[in-house]
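[1] Pasting the sequence and the predicted coordinates here, then a few questions.
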Amino acid sequence: MPLPTERSTAPCVCECAPSKPTTRLAERLAFLRQAIRRIIGAPDYETYLARHRQIHPEVPPMSEKEFFRFAIDRRYAKAGPRCC
């Protein structure tokens, strides 16, 4: 029986093992960025690319700059009276 201070040298391959801290941090930051963009109403380019690949695989997608310009124009081009 190993002593409590000794650690096993065998790597843990189970799913309960924590992933690399940098990967988890990057995933959390990406999730936070996406959440903030949704809160303020900014479009998500990565979601656009994924959907574009599914629906129109033969057509090249817009660049990120074109996509944001299109989204802003679409959002603020609504004619008519506004309350705010």
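    Right, received. Where do you want to start? These numbers come from a predicted model, not from an experiment. Numbers count the residues shown, from 1 in each chain.

[2] Could you use CA atoms for every contact and neighbour count after this?
    Noted.

[3] Pull the number of nearby residues for R69.
    R69: 12 surrounding residues under other Cα atoms under 10 Å.

[4] The chain should start at 336 in everything you say after this.
    With 336 as the first residue, the last one maps to R404.

[5] What helices and strands are in contact with the host helix or strand of it?
    Element membership for R404, per DSSP states H and E: helix 399-411. Taking 3 or more Cα pairs under 8 Å, 6 or more residues apart in numbering; DSSP states H and E as contact, the helices and strands that helix 399-411 lies on are helix 380-390.

[6] now for the helix it packs on, which elements pack on it?
    On a contact count with 3+ Cα pairs under 8 Å, 6+ apart, helix 380-390 meets helix 399-411.

[7] Need the contact partners of the helix it packs on.
    378, 380 (Cα atoms under 8 Å, 6 or more residues apart in numbering).

[8] Name the residues of that helix that are buried.
    402-403 (16 or more other Cα atoms under 10 Å).

[9] Could you list the alpha-carbon positions for the biggest helix by length in the chain in PDB?
    Counting by DSSP state H, the longest helix found in the chain is helix 356-375. In PDB, the C-alpha atoms belonging to helix 356-375 read as follows (Å, rounded to 0.1, in the frame of the first residue of the first chain):
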ATOM      1  CA  PRO A 356      -5.800  24.800 -17.500                       C
ATOM      2  CA  THR A 357      -5.000  26.900 -20.500                       C
ATOM      3  CA  THR A 358      -7.600  25.000 -22.600                       C
ATOM      4  CA  ARG A 359     -10.300  25.500 -20.000                       C
ATOM      5  CA  LEU A 360      -9.400  29.200 -19.700                       C
ATOM      6  CA  ALA A 361      -9.500  29.700 -23.400                       C
ATOM      7  CA  GLU A 362     -12.900  27.900 -23.600                       C
ATOM      8  CA  ARG A 363     -14.200  30.100 -20.700                       C
ATOM      9  CA  LEU A 364     -13.000  33.300 -22.400                       C
ATOM     10  CA  ALA A 365     -14.600  32.300 -25.700                       C
ATOM     11  CA  PHE A 366     -17.900  31.600 -23.900                       C
ATOM     12  CA  LEU A 367     -17.700  34.900 -22.100                       C
ATOM     13  CA  ARG A 368     -17.000  36.800 -25.300                       C
ATOM     14  CA  GLN A 369     -19.900  35.100 -27.000                       C
ATOM     15  CA  ALA A 370     -22.200  35.900 -24.000                       C
ATOM     16  CA  ILE A 371     -21.200  39.500 -24.000                       C
ATOM     17  CA  ARG A 372     -21.800  39.900 -27.700                       C
ATOM     18  CA  ARG A 373     -25.300  38.400 -27.400                       C
ATOM     19  CA  ILE A 374     -26.100  40.700 -24.500                       C
ATOM     20  CA  ILE A 375     -25.100  43.800 -26.500                       C
END
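
[10] Right, I'll call it a day here.
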